[in-house]
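J.: My questions concern the predicted model and sequence given below.
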Amino acid sequence: MRTILFLLQKEFIQIRRNKTMLPIIFVIPFIQLFILVHAATFEMKHIHVHVIDKDMSSVSRDMISKFSGSPLYEITNTSFSDKVGEEDIRKNKADLEIIIPEHFEKKLKTENSAKVQLVVNAINSAAAGLIYAYTSSIILDYNASIIKDWTNLPSNVQTSSIYTTSSYWYNPELNYKNYMVPGILVLLVTLIGMFLTGMNIVREKEIGTIEQINITPIKKHQFIIGKLLPFWIIAQFELAFGLTIGKILFNIPILGNLGVVFLFSSIYLLVVLGAGLVISTINNTQQQAMFISFFFMMIFIMMSGLFTPVESMPYWAQKINIINPVAYFIQVMRMVLIKGSGLMDVMRQLISISIFAVIMLTFAVRRYHKVS
């Protein structure tokens, strides 16, 4: 135990002296937290619209006013030519083109129906789907108001309407920050665990001190604990500090027991630290370690469900995602913080990550060879 304490002291001194590692630990993660929380959102707030009103009637102007009065839309241009509207979309000056044909009001009054054409810039399919959904909703609401205003019923006739009331569980205000902050905190913890562990041990190889340690009486398990435990402690501190920042600045809900979160993160970090140790054993330079860590991190992050739901992925991708530890932690973070899930609710994920931890640490220890 005394040997491990000396190793821990040596590691923390080395971390403090490493001017490259300190910003990665304490500066970059929280810059990412502040930026990604605001940037990583699917909400559409500034939809640029090109209006082509060929009817120029009171009804068409009234419908256009529904868009100009919305904070989500910004009418950037108006014209009478389809080619001008298409040109604006090609140049990314417009996200949406609304084309109101001639005799729009006349057909609406005489035939009780009229058509409006929507041309959406679908270079980003997710954004295009949201733009179409928002726009269709506004047009349908306007259509309902026209029916109500233009329908002349006898005064003795009672009408009944069907009203739909929606209730969103766990995130009633649909605040995207509540959804993103827990996932981003998982990325920060993973960054500390995988990147820095691999870089730290490889750095020992580069400066030649690993050979000096290998010929000392320090046992293999003591060296591994002394190398991995500091980053385990730092990552747990980063998680606690990140949760505090998330609560103070973004007012994220913390409905569940934080003990469940830190219990899961304790085991999850063993998986990540073991992966960093494996990467360090197969590389001789920090640059190589960073490239390999980045390769696996990109795959894990993109398939984790942080930005896109796992359920929307192909069936084969969902099956491969079973071995993705990042996906388990993001799921648990959201379940505990937003839904208030307890230990029994995340038991399946906890058992899975525990199995990953045993496998990864066993493989990492076997891969590391110490000369005695």
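T.: Alright, I've got the coordinates. Residues are numbered from 1 along each chain as shown.
J.: Can you tell me what sits against stretch 48-68?
T.: With contact meaning CB atoms under 8 Å, 6 or more residues apart in numbering, stretch 48-68 is reached by 73-82, 84-85, 88-89, 93-106, 108, 116, 135, 138-139, 141-142, 146. Yep, even glycine has a C-beta here, placed from its N, CA and C like the rest.
J.: Can you show me the CA trace of it as CSV?
T.: Taking C-alpha atoms only, stretch 48-68 is exported to CSV below (Å, rounded to 0.1, in the frame of the first residue of the first chain):
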residue,chain,number,x,y,z
HIS,A,48,-34.8,31.7,-43.9
VAL,A,49,-37.9,31.9,-46.2
HIS,A,50,-38.3,33.0,-49.8
VAL,A,51,-41.9,33.9,-50.5
ILE,A,52,-43.3,33.8,-54.0
ASP,A,53,-46.9,35.2,-53.8
LYS,A,54,-48.4,35.1,-57.3
ASP,A,55,-51.9,35.8,-56.0
MET,A,56,-51.3,39.0,-53.9
SER,A,57,-54.7,38.6,-52.2
SER,A,58,-55.7,39.4,-48.7
VAL,A,59,-55.8,35.7,-47.9
SER,A,60,-52.3,35.0,-49.2
ARG,A,61,-50.9,38.0,-47.3
ASP,A,62,-52.7,36.9,-44.1
MET,A,63,-51.1,33.5,-44.4
ILE,A,64,-47.6,34.9,-45.0
SER,A,65,-48.1,37.1,-41.9
LYS,A,66,-48.3,33.9,-39.8
PHE,A,67,-44.7,33.1,-40.8
SER,A,68,-43.4,36.7,-40.5
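J.: for it, which positions count as buried?
T.: 48-55, 57, 59-60, 63-64, 67 (16 or more other CB atoms under 10 Å).
J.: Mind checking which of the contacts of stretch 48-68 are buried?
T.: 73, 75-77, 79, 85, 88-89, 94-100, 104-105, 108, 116, 135, 138-139, 142, 146.
J.: In helices, which of those residues appear?
T.: Among the buried ones among the contacts of stretch 48-68, the members falling in helices (DSSP state H) are 85, 88-89, 104-105, 108, 135, 138-139, 142, 146.
J.: Now distance to residue 175 too, for those, in JSON lines please.
T.: Shown next, in JSON lines, are these (distance: CB to CB, whole Å):
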{"residue": "85", "distance to residue 175": "35"}
{"residue": "88", "distance to residue 175": "33"}
{"residue": "89", "distance to residue 175": "31"}
{"residue": "104", "distance to residue 175": "38"}
{"residue": "105", "distance to residue 175": "40"}
{"residue": "108", "distance to residue 175": "39"}
{"residue": "135", "distance to residue 175": "23"}
{"residue": "138", "distance to residue 175": "22"}
{"residue": "139", "distance to residue 175": "27"}
{"residue": "142", "distance to residue 175": "28"}
{"residue": "146", "distance to residue 175": "34"}
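J.: Looking at those residues, which is nearest residue 318?
T.: Checking those against residue 318 with CB to CB, the nearest one is residue 135 at 31.8 Å.
J.: That closest one touches residue 118, doesn't it?
T.: Yes. In this structure residue 135 lies within contact range of residue 118 using CB atoms under 8 Å: 5.9 Å.
J.: which residues do these two both contact?
T.: Shared contacts of residue 135 and residue 118 (CB under 8 Å, 6+ apart): 96, 98.
J.: What segments of the chain are strands?
T.: 47-53, 73-79, 96-100, 117-120 (DSSP state E).
J.: Go through the shortest one and flag the buried ones.
T.: In terms of neighbour count (16+ other CB under 10 Å), strand 117-120 has its buried residues at 119-120.
J.: That strand pairs with which strands?
T.: strand 96-100 (antiparallel) (DSSP bridges).
J.: which strands and helices sit next to the lengthiest helix in the chain?
T.: The helix that spans the most residues within the chain, counting by DSSP H, is helix 220-249. On a contact count with 3 or more CB pairs under 8 Å, 6 or more residues apart in numbering; DSSP states H and E, helix 220-249 meets helix 2-17, helix 28-39, helix 176-190, helix 196-207, helix 258-281, helix 347-367.
J.: can you redo these as CSV with mean neighbour count?
T.: CSV is the format used below for the helices and strands packed on helix 220-249 (neighbours: other CB atoms under 10 Å):
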stretch, mean neighbour count
helix 2-17, 13
helix 28-39, 15
helix 176-190, 22
helix 196-207, 21
helix 258-281, 22
helix 347-367, 16
